[in-house]
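Novice: Prediction below, plus the sequence it came from.
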Amino acid sequence: MAATTIHASAVVDPAARIGEGVTIGPFTSIGADVEIGDGSRIGGHCSIQGPTRIGRDNRVHGHAAIGGEPQDKKYRGERVELVIGDRNVIREFVTISRGTLGGGGVTRIGDDNWLLAYAHVAHDCVVGNHCVFSNNATLAGHVSVGDHVILSGFAGVHQFCRVGDHAFVGMGAFVNGDVAPYLMVAQDGYGRPRGINAEGLKRRGFDGERIAAIRRAYRAVYMSGDSLDDARARLAAMAVDSDDVRRMLDFIEAGERPLLR
């Protein structure tokens with residue numbers, strides 16, 4: 001592995017732990033209690049404050065601000081953290097806040113995600129793996145995002161909402177309820193479900209039988225006109241033959257906020 005390289009103009013706190021083969025660009029500031037894993041590259045003019053743990057082989061582009069204090073008026077300087085996994089791409093001017101005690105104390109981002117320019121991940125959010133947040137996509141505090149989720153440009157998710165695996169949120173959509181797995185959400189004032197993310201599922205290897213089962217489940221919940229309780233009963237019957245429908249049902253039953261419907 002190549003040697004660690006720190007630009008002469010960068011300011012790195014002696015208490016920071018910098019792995020092997022890390023590159024830190026000009027005028028970047030790395031605070032105390034920051035850990036950066038092997039092979040990660042940090043661009044110029046970035047700010048990384050701790051406690052923050054960043055895994056290996058991440059790519060952080062210029063002017064990103066990572067691990068800053070949570071934007072929460074209740075925060076009083078308590079020890080709270082940010083944990084980022086491996087192989088993430090974090091583009092220009094992305095902001096990611098640490099957690100709060102009221103939300104568990106940790107903001108978490110998984111592996112292999114792309115956070116494009118000006119995206120924002122607020123305090124206590126949990127983001128899975130293989131997600132894409134397009135330019136200016138924004139998560140308010142305490143949002144949970146599953147795996148393989150796409151947030152299009154200027155999409156926003158209200159605090160405490162959940163977005164399930166394989167969901168696609170369209171450009172400019174404002175999400176103020178839970179988005180079940182596999183759904184597409186389109187901008188219509190506030191975002192509204194507009195079918196399933198069939199194209200995304202095909203790209204990830206879902207065959208026709210699985211997609212058909214997910215489509216039937218979508219119709220039961222979002223198009224039948226049934227009450228949510230009745231729709232859940234229908235999903236329970238479908239879930240006997242489909243693990244994907246079971247995941248959708250489990251997601252709905254675990255919700256504390258209203259389902260986006």
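Specialist: Yes, it's here.

Novice: host element of Ala233?
Specialist: Using DSSP states H and E, the element containing Ala233 is helix 228-239.

Novice: how about that helix: buried residues?
Specialist: Neighbour-count burial for helix 228-239 flags Ala231, Arg232, Arg234, Leu235, Met238, Ala239 (criterion: 16 or more other C-beta atoms under 10 Å). Just so you know, the C-beta spots here come from the backbone N, C-alpha and C atoms, and that holds for glycine as well.

Novice: quick one: Asp13 from Gly146, how far?
Specialist: With distances taken as C-beta to C-beta, to the nearest Å, Asp13 is found 34 Å from Gly146.

Novice: How about Glu69?
Specialist: 27 Å.

Novice: between the two, which one's more packed in?
Specialist: Gly146 (22 against 13; other C-beta atoms under 10 Å).

Novice: Quick check: phi and psi on the more buried one?
Specialist: When quoted as degrees, to the nearest 10, the phi and psi of Gly146 stand at phi -80, psi -160.

Novice: you'd agree it is up against Cys161?
Specialist: No. Using C-beta atoms under 8 Å, Gly146 makes no contact with Cys161, being 12.0 Å away.

Novice: Asp124: neighbouring residues, count only.
Specialist: 28.

Novice: give the contact list for it.
Specialist: For Asp124, the contacting residues are Pro70, Gly99, Thr100, Gly102, Gly103, Gly104, Gly105, Val106, Thr107, Gly141, His142, by C-beta atoms under 8 Å, 6 or more residues apart in numbering.

Novice: got those as CSV, with secondary structure columns?
Specialist: Shown next, in CSV, are those (DSSP: H, G, I helix; E, B strand; the rest coil):
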residue, secondary structure
Pro70, coil
Gly99, coil
Thr100, coil
Gly102, helix
Gly103, helix
Gly104, coil
Gly105, coil
Val106, strand
Thr107, strand
Gly141, coil
His142, coil
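
Novice: Is it possible to get these out as a markdown table so that each row also shows distance to Ala8, pLDDT and neighbour count?
Specialist: A markdown table is the format used below for the contacts of Asp124 (distance: C-beta to C-beta, whole Å; pLDDT from 0 to 100; neighbours: other C-beta atoms under 10 Å):
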| residue | distance to Ala8 | pLDDT | neighbour count |
| --- | --- | --- | --- |
| Pro70 | 32 | 98 | 23 |
| Gly99 | 33 | 98 | 28 |
| Thr100 | 36 | 98 | 24 |
| Gly102 | 41 | 94 | 16 |
| Gly103 | 39 | 95 | 20 |
| Gly104 | 39 | 95 | 15 |
| Gly105 | 36 | 97 | 17 |
| Val106 | 34 | 98 | 18 |
| Thr107 | 31 | 98 | 29 |
| Gly141 | 38 | 98 | 21 |
| His142 | 40 | 98 | 22 |
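
Novice: Just give me the closest of these to Phe133.
Specialist: Thr107 (14.0 Å; C-beta to C-beta).

Novice: Report the beta-bridge partner residues of that closest one.
Specialist: Bridge pairing for Thr107 (DSSP bridges) gives the partners Leu82.
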